[in-house]
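Colleague: pasting a predicted model and its sequence here:
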Amino acid sequence: MFKTPLSLLLLLISSITWAQTPVQKLERAFNDFLADPQTRYASTSLLVLDANTGKTLFGRNENIGLATASTLKTITAATAFNILGKDFQFQTTLGYTGQLTPDGTLKGNLVITGSGDPTLGSARYQNKEKAVLDQWVNAISAAGIKRIEGMVIGDDRIFGTQTTPEGWTWQDIGNYYGAGTSGLAWRENQFDIHLQPGQGINTAVKLLRTVPEMPYLKLVNELKTGASGTGDNAYAFLPPYSNIGYLRGSWGMGIGKNGISAALPDPAFDCAYRLQDTLKRLGISTAKPATSARLMALNGEELPGITKNLSSISSPPLSEIVFWFLKKSINLYGETLLKTLALKSGKMAKTTEGAKAEINFWADKGIDRNALNIIDGSGLSPANRVTAAAMGSILFMAQTASWFNDYYKAFPEYNGMKIKSGTINDVSAFAGYYTNGAGNKYIIVININNYSGSGINRKLFKVLDALK
């Protein structure tokens, strides 16, 4: 009787294991993940589609709505590309009211009129703060304006007065990632606060300066020094339109960065303030302090009509905005795009109206609107609930669009995959695309809510590694 040598038997067993399909390996890896103590009380979904056909290769809890965190940005970006177009640009104009006399006296005001451009003054693009201010100063000088009897006004009316979506948390609002929208956004609606830890644990942290200087803002520093290695646990509690903010939490000894970034409480005012301050330093005086259309309305003042436009600044095209929106997960961009979608649909520039426009668009494409419980455009709200199946379907449909290449290149790379990450309290998610070494193309959506402990992403990647 022929007996199989032990070495050959082991080789056969190894070959059978090696020959498992990626889907079989994925199922095993996912089941192992669900058995991990960190996931005991969590809700977890996973969807893997064949990117060529849209066929579901593996799905678990894919029809359960979960908080998305920043993976929601993939839907916001795809919707904006579809409705606004990849070449869409925001416009910001500078003009004046009243009359200009022959001696260069403007008997009126300078008005900066915004359309919501979230990139104005951003260091990421050509229209950086200095470049924008230089362009405006040159336009003012070219018009022959030497003295202004009025003031510089930031016209922020297009987006109304509600800057942050309902559902955002108090801990987020006031910090750079919680910067709300503005009809006249400026420097991505944030400023920097430089800090220095104290000499010992629980001693006072020193507030060195703000960049730029914020003379109209009072910051109350309640920060305490944390132990070495504890890092940044500092938060700015600074409500929209307020001129008083509180710094709370801890700043670790030996930390390797200068400080934190906070949200501008009134971007339109700050924009007008910076232009007026620049003009003052150049010898062009204004009779009244800088203000905004919102502040004028509070005082019962009407904004006069524009007599003459002096300058117009176009934002980068939407394709460039989406690149940074997904690559660096800039929440401000998502909220701005959602309000712009509302305007495009003929509604007021409200977050709720933008969400309706977004849901209606995809419902018309066959996605169940009940699978898209969308609260904001960025995913920062913990109240968003979207199914993996809905997100996966949108990612699949995006592949046939003319703008897909711009969309795809904006996805960050994690674990060797083109996937957008999402992280808020006890939520971690990834969504995007992957092509393995054999040329198989996949669409991936994985999401876990209410996990415990830390280091969950490494374990999520281990599940996705089954596709490699």
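Modeller: Cool, got the structure. Note that this is a predicted model, so its numbers are computed, not measured. Numbers count the residues shown, from 1 in each chain.
Colleague: can you map out the helices along the stretch 201-350 of the chain?
Modeller: Here the stretch 201-350 of the chain has its helices, by DSSP state H, counting those that start in this stretch, at 267-281, 293-298, 318-327, 331-344.
Colleague: how about the strands in the stretch 151-300 of the chain?
Modeller: 152-155, 190-196, 206-211, 218-221, 224-226, 232-237, 244-252, 259-263, 285-286, 291-292 (DSSP state E, counting those that start in this stretch).
Colleague: N450: which of the ones you listed is closest?
Modeller: Closest approach to N450 among those (C-beta to C-beta): strand 232-237, 22.1 Å. Bear in mind the C-beta positions are built from the backbone N, C-alpha and C, glycine included.
Colleague: what are the buried residues along the closest one?
Modeller: For strand 232-237, the neighbour count (16 or more other C-beta atoms under 10 Å) marks D232, A234, Y235, A236, F237 as buried.
Colleague: circling back: format the helices of the stretch 201-350 of the chain as CSV; extra columns: distance to K418, mean pLDDT and mean neighbour count.
Modeller: Listed next are the helices of the stretch 201-350 of the chain as CSV, based on distance: least, C-beta to C-beta, whole Å; pLDDT from 0 to 100; neighbours: other C-beta atoms under 10 Å:
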stretch, distance to K418, mean pLDDT, mean neighbour count
helix 267-281, 32, 98, 23
helix 293-298, 41, 97, 18
helix 318-327, 10, 98, 22
helix 331-344, 19, 98, 26
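Colleague: which one of those lies nearest to Y442?
Modeller: From these, taking C-beta to C-beta, the stretch that ends up closest is helix 318-327, at 18.5 Å.
Colleague: returning to that earlier point: R385: which of the buried residues of strand 232-237 is nearest?
Modeller: Y235 (26.0 Å).
Colleague: now do the closest one, the pLDDT please.
Modeller: For Y235, the pLDDT comes out at 98.
Colleague: beta partners for the closest residue to it other than its chain neighbours?
Modeller: Spatial nearest neighbour of Y235, chain neighbours left out: G249 (5.0 Å); criterion: C-beta to C-beta, 6 or more residues apart in numbering. Beta-bridge pairing of G249 under DSSP bridges involves A234.
Colleague: in stretch 23-39, what's buried?
Modeller: K25, L26, E27, A29, F30, F33, T39.
Colleague: and the nearest residue to the last one once chain neighbours are set aside, how far is that from A67?
Modeller: In this structure, T39 finds its nearest non-sequential neighbour in Y451, 5.8 Å apart by C-beta to C-beta, 6+ apart. Counting by C-beta to C-beta, to the nearest Å, the separation of Y451 from A67 is 12 Å.
Colleague: and the residue nearest to Y235, how many neighbours?
Modeller: 17 (other C-beta atoms under 10 Å).
Colleague: got the contact list for it?
Modeller: L223, K224, N233, A234, Y235 (C-beta atoms under 8 Å, 6 or more residues apart in numbering).
Colleague: ok, 6 Å please
Modeller: By C-beta atoms under 6 Å, 6 or more residues apart in numbering, the residues touching G249 are N233, A234, Y235.
Colleague: same question, L26
Modeller: By C-beta under 6 Å, 6+ apart, the residues touching L26 are F58, A466.
Colleague: that one and T53, how far apart?
Modeller: As judged by C-beta to C-beta, L26 and T53 stand 17 Å apart.
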